[in-house]
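J.: kindly return the folded structure for what I paste below:
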Amino acid sequence: MKIIRRTPEHFSSWLSDEIPDKSINWLSSDKDEGLIIHGKFKNDTEISKLVLKYINIFVVCNSCKSTNTDMTKTQFICNDCMMTKYI
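T.: Residues are numbered from 1 along each chain as shown. As a prediction, this is how the structure comes out:
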């Protein structure tokens, strides 16, 4: 979450919506040590695909493909091309 500059709460909330039948908990209270996802998965790539989907939706700019972006509670803002979208 530090690398992509998004809050752990936002990611875990989004992930809970994407896989509602799984229980998701943080390993530590400071959320630095990772997530625990309870449940069975067909293969290891399921979680990787979800992380890439999150990055494509909430990190990468649709216009210029930059990752130099910020997000507030209501807006996604690209710092390179200044594209803004409301979320």
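
J.: can we go C-alpha only for contacts and neighbour counts from here?
T.: OK.

J.: hmm, who's touching the worst-scoring helix or strand of the chain on mean pLDDT?
T.: Within the chain, no helix or strand scores below strand 23-26, which has a mean of 79 by mean pLDDT, DSSP states H and E. With contact meaning C-alpha atoms under 8 Å, 6 or more residues apart in numbering, strand 23-26 is reached by Ser12, Ser16, Glu33, Gly34, Leu35, Ile36, Ile37, His38, Gly39.

J.: out of the residues you listed, which sit inside helices?
T.: Those of these mapping onto helices are Ser12, Ser16, per DSSP state H.

J.: farthest-apart pair in the contacts of strand 23-26, please.
T.: Within those, Glu33 and Gly39 form the most distant pair, 19.2 Å apart (C-alpha to C-alpha).

J.: before we move on, back to that, check which residues of the least confident helix or strand of the chain are buried.
T.: By neighbour count on 16 or more other C-alpha atoms under 10 Å, the buried set for strand 23-26 is Ile24, Trp26.

J.: can you give me the strands for this protein?
T.: For the chain, the strands defined by DSSP state E cover 23-26, 35-38, 69-71, 75-78, 84-86.

J.: distance to Ser63 added to the ones you listed, as JSON lines?
T.: Shown next, in JSON lines, are the strands of the chain (distance: least, C-alpha to C-alpha, whole Å):
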{"stretch": "strand 23-26", "distance to Ser63": "32"}
{"stretch": "strand 35-38", "distance to Ser63": "31"}
{"stretch": "strand 69-71", "distance to Ser63": "12"}
{"stretch": "strand 75-78", "distance to Ser63": "9"}
{"stretch": "strand 84-86", "distance to Ser63": "10"}
